[in-house]
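Colleague: Take this sequence and fold it.
(chains A and B, ligands or ions: 3)
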Amino acid sequence: MSVRELNVIVAGVGGQGILFTTNVIARAALKLGLNFAQSEVHGLSQRYGSIRTELRIGSDVSSPLILEGTLDLLIALEPLEGLRQAPYISERTTVVMNNHVIPPVGAYLERFPIPSFDEILELMRRLNPKQIMVLNAYDIAKKAGDYIVANTVMLGAAQATGVLPFPEGVLREALEEVSPSRYRDLNLRAFDLGRESVSPPR
Amino acid sequence: MGDLLAPANTLEVLLGNEAVARGALEAGLNVAAAYPGTPSTEIGEALAKVAKRVGIYFEWSANEKVATEVAMGAAWSGLKALTMMKHVGFNVASDAIFTLAYAGVTGAMVIVSADDPHAHSSQNEQDNRHYSESVGLPMLEPSNPQEAKDLTKEAFELSSKYKIPVMVRTTTRISHQRGPVRLGEITAGFSKGKFVPPEPDRYLQVGAIARKHHAELLGKLKEISLDVAPSYAKVEGASDAEFGVITSGVAYAHAKEALKLVNVNAKILKLGMTFPLPEKDIGEFLSSVNTVLIVEELDPYLEMRVKAIAKDYAPEVEVLGKLTGHMPRVGEYTMRTVLEGLSKALGVVLPVNFAEIDRRSSEILKKVPPRPPVLCPACPHRSTGYALRRAAGRAAFMGDIGCYALLFQKPFRVEHVTHAMGSSIGLANGIDVATDQDVVALIGDSTFFHAGIPALINAVHNKRKMTVVIMDNRITAMTGHQPHPGTEVNAVGDEAPAIDIEKIVRSIGVDYVKVVDPYDHAATEKAIRDALKHDGVSVVITKRECALLTVARLRRQGQKIVPYRVNPDKCTYCRVCINTFACPAFVDTGSLVEIDPTVCFGCGACVPVCPYGAFEPQEGSLNWREQKIGV
Ligand SMILES: Cc1ncc(C[n+]2csc(CCOP(=O)(O)OP(=O)(O)O)c2C)c(N)n1
Ligand code: SF4
Ligand code: SF4
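Modeller: Ligands and ions are numbered 1, 2, ... in the order given. Below you'll find the predicted structure:
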């Protein structure tokens, strides 16, 4: 398999499992022998700060940081954080977005208006991404057993977009490998439900 | 996340920091000691996890200087030792390290400095390449996780050979970069060494002895610059190119890809050893081009040295970089930084219209509320901040470094200062000398052990009047939860004697000492009010474990985390909770406050904050204060 350059951002707030989500994709790339570079910043807060990871897959890649305007896949676990990636989003970007807004509590103190999900979606459209998929990852995760696996739901949905250059099953296997045993079944259920929420089950 | 002990010759996904740890294990590491600090921490975490299985010794030390001395002791006993620290940690350790360069080692020693261009998680953008030159220790700089492993291993080999410590410098984008790493054989393990100074005066640095050792060190560095540095100088690209780039570290990765994006005939000189420099190789590279762009983050370290070399080898060559305004000095680099530098230097047409991207995205970003870092839901520091605001709102607040530093923000604003570790108490001494104000120092438990104790002793001895609030959350939280001398377990999970902060404080002679559960807002407030009235040094210890530890334990025990709710019939939308307590689980709907069930940890700390009693448990919710969970 050959991939020259595929750029992914996973964005959300601390505690949503952004690193884990990205690690699964990186593990899939490793299984296929693809070159990649993944970058993360740990920031100052352990939870509910703005968090993003960047993953670049392909033979042309050496920098761990994505160039503005060249994002292929955005997985937004939190929609405001998705929107914050605006400089990277372009016509080549597929957006998979959770619709649950987590307002930054500091914004209330500054009286900064917090856009509704519909407003966020409208702003996202203005950036002309190739496609936008919206899902209610927390509801789907609850169906799988616990809202803490909303990240895996999003991963399943991302797989269903077909943007990731992995043959059927590889990402799911990577998830199985990377999951702590306690959460393995829960994660796989969430992944499958996420994938089905975008494409009908087969 | 990656398997640090995966077999040789396999490819494994490793974080740059894990790769450093693996490199040390492949080099035959015996002893490692460190104090945590982003972006270096995962090196120690990785080693702590495997220490028992591999048979090495690992400790989280009280601070970076002690960690360095632990490693030194091992390296002076013939063992292979490692210490690692964030860039500012090097300042703390530097007193020991400067003289260590003269002393050298009998085994081997590697010192990792993890710098943080952009100050992503730090108080400054200090560039520790200067240290390697002024201390006189060779420095290797990896440009990706594979090199992080390989160069760490080679650093040990160099140290063994030349009998001086060797530095490895990473930056955030190397430390926290994950990539495929081809592994080698692990040879680490523990064996006892023996402390025998190779010569009677080897470790006695004074006067004439120090001068002798200084001269010896300079001799070794000269040898390394001639025999070793050239093997780390790699030229790539078009050999006939008249334009060159000199670079190292992650800047190389950005430069390499950026050059592919523009149509320029160029060659790159990549330096893997940034001290001592391979003068002749740089000179020859310079003689082969007309113009050279230096691509390096932070200070013009290479640029100034390249300029000096150019004088001898190629006086005609144009050296461009920060000093000429082509590259920025502040913040980290990306491909964009390099592309813009290339455009300034050569007038090339860029593949991306940055102006258009900036215009379009700034329109959008104007509408996206900023999300500054916050304390976690249920964080005990929030409760301490709440009580401090009410009890001591007019005091001068000397803050310190740790999660509680976030209390500088609204609605608490009980930190006027965050400076360097331990500075809170030291500064409170000075402010009390200089003013008549009430002074409060806020310090975390790990920071207290690291550098707070001498300043507290100073305060008592010099009869200061000040209040010190020690926020004892039973862990080093901000860097990801490492044990410290006050915890009941050590780095490798063994039981350890926990040093009691209250006893230390009392033994120093502080006569007002109160220990409170910060969730008990009324008691905490009273303790602080009384402390401020006390004539002398007073100490309030707010003791409750970090909420993430509590949540993790509850989950491990199979307890369900059931969120609290706001009773809509009781909420008057007065917003007192948001304006004074600001838990990130609070949602303002415009007519009511609600709790986001995906965010709330169900601690109950907000209950006393609402004047109308609107915060209520749900079926199965716990009350951490009443049930004594986490204290
Ligand atoms: C000299 C130095 N070493 C390490 C660090 C990294 N660092 C920042 S905060 C912190 C831990 C603080 O722990 P503690 O005082 O217990 O506060 P907590 O985060 O637990 O609230 C560390 C180690 C630093 N900033 N400076
Ligand atoms: S990690 Fe612990 S100490 Fe730090 S903000 Fe979260 S709860 Fe508070
Ligand atoms: S119970 Fe209250 S203070 Fe505790 S996490 Fe939930 S909303 Fe925040």
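
Colleague: so what's residue 20 up against?
Modeller: Since you didn't name a chain, this refers to chain A. A:Asn151, A:Val178 (Cβ atoms under 8 Å, 6 or more residues apart in numbering or on different chains). (Glycine included, C-beta is placed from N, CA and C.)

Colleague: my bad, the chain I had in mind was chain B
Modeller: For B:Val20, the contacting residues are B:Ile43, B:Met84, B:Val112, B:Ala148, B:Lys149, B:Thr152, B:Val168, B:Thr170, B:Ser175, by Cβ under 8 Å, 6+ apart.

Colleague: now do 10 Å
Modeller: B:14, B:40, B:42-43, B:46-47, B:82, B:84, B:110, B:112, B:114, B:142, B:145, B:148-149, B:151-153, B:155, B:168, B:170, B:174-175 (Cβ atoms under 10 Å, 6 or more residues apart in numbering or on different chains).

Colleague: In strands, which of these fall?
Modeller: Using DSSP state E, the members of the contacts of B:Val20 that fall in strands are B:Leu14, B:Leu82, B:Met84, B:Val110, B:Val112, B:Ala114, B:Val168, B:Thr170.

Colleague: What's the separation between the residue in the stretch 151-300 of chain B positioned nearest to ligand 3 and A:Glu5?
Modeller: In the stretch 151-300 of chain B, the residue that lies nearest ligand 3 is B:His176 (28.5 Å; Cβ to the nearest ligand atom). Between B:His176 and A:Glu5 the distance is 21 Å, computed by Cβ to Cβ, to the nearest Å.

Colleague: the more surrounded of the two?
Modeller: A direct count of neighbours by other Cβ atoms under 10 Å in any protein chain shown for B:His176 and A:Glu5 places B:His176 higher, at 26 against 16.

Colleague: Verify the stated contact: that one with A:Leu65.
Modeller: No: applying Cβ atoms under 10 Å, one finds B:His176 not in contact with A:Leu65, separated by 11.4 Å.

Colleague: Residue numbers of the stretch 101-250 of chain B in contact with chain A?
Modeller: Contacts of the stretch 101-250 of chain B with chain A, taken as Cβ under 10 Å from any Cβ of the partner chain, map to B:116, B:118, B:120-122, B:143-145, B:172-181, B:250.

Colleague: and the residue lying closest to B:Thr106 once chain neighbours are set aside, what pLDDT?
Modeller: In this structure, B:Thr106 finds its nearest non-sequential neighbour in B:Gly78, 5.0 Å apart by Cβ to Cβ, 6 or more residues apart in numbering or on different chains. Listed pLDDT for B:Gly78 reads 98.

Colleague: Ok, the one 4 residues further on next?
Modeller: Model confidence at B:Leu82, given as pLDDT, is 98.

Colleague: what about residue 169, how many neighbours?
Modeller: I'll assume chain A. 10.

Colleague: My question was about chain B, not that one.
Modeller: Neighbours of B:Arg169 under the rule other Cβ under 10 Å: 26.

Colleague: Same question for the one 10 residues further on.
Modeller: Here the neighbour count serves as a burial measure; for B:Gly179 (other Cβ under 10 Å) it reads 29.

Colleague: Let me see the contact set for it.
Modeller: Residues near B:Gly179 by Cβ under 10 Å, 6+ apart: A:26, A:29-30, A:35-39, A:56, A:61, A:64, B:2, B:11-16, B:19, B:144-148.

Colleague: what's the helix or strand for it?
Modeller: Here B:Gly179 sits within strand B:177-182, counting by DSSP states H and E.

Colleague: Neighbouring strands - and their directions - for that strand?
Modeller: strand A:36-40 (antiparallel), strand B:11-15 (antiparallel) (DSSP bridges).

Colleague: a markdown table please, covering the ones you listed and showing mean neighbour count.
Modeller: Below are the strands paired with strand B:177-182 laid out as a markdown table (neighbours: other Cβ atoms under 10 Å in any protein chain shown):
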| stretch | mean neighbour count |
| --- | --- |
| strand A:36-40 | 24 |
| strand B:11-15 | 24 |
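
Colleague: In JSON lines, list those strands along with mean pLDDT and distance to A:Val178.
Modeller: Putting the strands paired with strand B:177-182 into JSON lines (pLDDT from 0 to 100; distance: least, Cβ to Cβ, whole Å) gives the following:
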{"stretch": "strand A:36-40", "mean pLDDT": "96", "distance to A:Val178": "13"}
{"stretch": "strand B:11-15", "mean pLDDT": "97", "distance to A:Val178": "9"}
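
Colleague: for the residue nearest to B:Thr106, what are its contacts?
Modeller: Contacts for B:Gly78 (Cβ under 10 Å, 6+ apart) come out as B:Asn30, B:Val105, B:Thr106, B:Gly107, B:Ala108, B:Ser191, B:Lys192, B:Gly193, B:Lys194, B:Phe195, B:Val196, B:Pro198.

Colleague: picking that back up, list the buried residues in the next helix or strand after the strand holding B:Gly179.
Modeller: As assigned by DSSP H and E, the chain's next helix or strand after strand B:177-182 is helix B:207-227. Neighbour-count burial for helix B:207-227, counted by 16 or more other Cβ atoms under 10 Å in any protein chain shown, picks out B:Ile209, B:His213, B:Leu217, B:Lys220, B:Leu221, B:Ile224, B:Ser225.

Colleague: Find the nearest non-adjacent residue to A:Asp146, please.
Modeller: A:Leu186 (6.2 Å).

Colleague: Would you mind naming the helix or strand containing that neighbour?
Modeller: Residue-wise, A:Leu186 maps onto helix A:184-198 under DSSP H and E.

Colleague: Let's see that helix as PDB, backbone CA atoms only.
Modeller: This file holds the C-alpha atoms of helix A:184-198, laid out as PDB (Å, rounded to 0.1, in the frame of the first residue of the first chain):
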ATOM      1  CA  ARG A 184     -12.100  -3.800  25.000                       C
ATOM      2  CA  ASP A 185     -15.600  -5.100  24.400                       C
ATOM      3  CA  LEU A 186     -17.100  -1.800  25.200                       C
ATOM      4  CA  ASN A 187     -14.800  -0.100  22.800                       C
ATOM      5  CA  LEU A 188     -15.500  -2.500  20.000                       C
ATOM      6  CA  ARG A 189     -19.300  -2.100  20.500                       C
ATOM      7  CA  ALA A 190     -18.900   1.600  20.400                       C
ATOM      8  CA  PHE A 191     -16.700   1.400  17.200                       C
ATOM      9  CA  ASP A 192     -19.300  -0.700  15.400                       C
ATOM     10  CA  LEU A 193     -22.200   1.500  16.400                       C
ATOM     11  CA  GLY A 194     -20.200   4.600  15.300                       C
ATOM     12  CA  ARG A 195     -19.400   3.000  11.900                       C
ATOM     13  CA  GLU A 196     -23.100   2.000  11.400                       C
ATOM     14  CA  SER A 197     -24.300   5.400  12.300                       C
ATOM     15  CA  VAL A 198     -22.600   6.700   9.200                       C
END
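
Colleague: Just list what it packs against, helices and strands only.
Modeller: helix A:18-31, strand A:131-135, helix A:137-144, helix A:150-160, helix A:170-178 (3 or more Cβ pairs under 10 Å, 6 or more residues apart in numbering or on different chains; DSSP states H and E).

Colleague: Of those, flag the one that's most buried.
Modeller: Of all the helices and strands packed on helix A:184-198, helix A:150-160 has the most neighbours on average by mean count of other Cβ atoms under 10 Å in any protein chain shown, namely a mean of 28.
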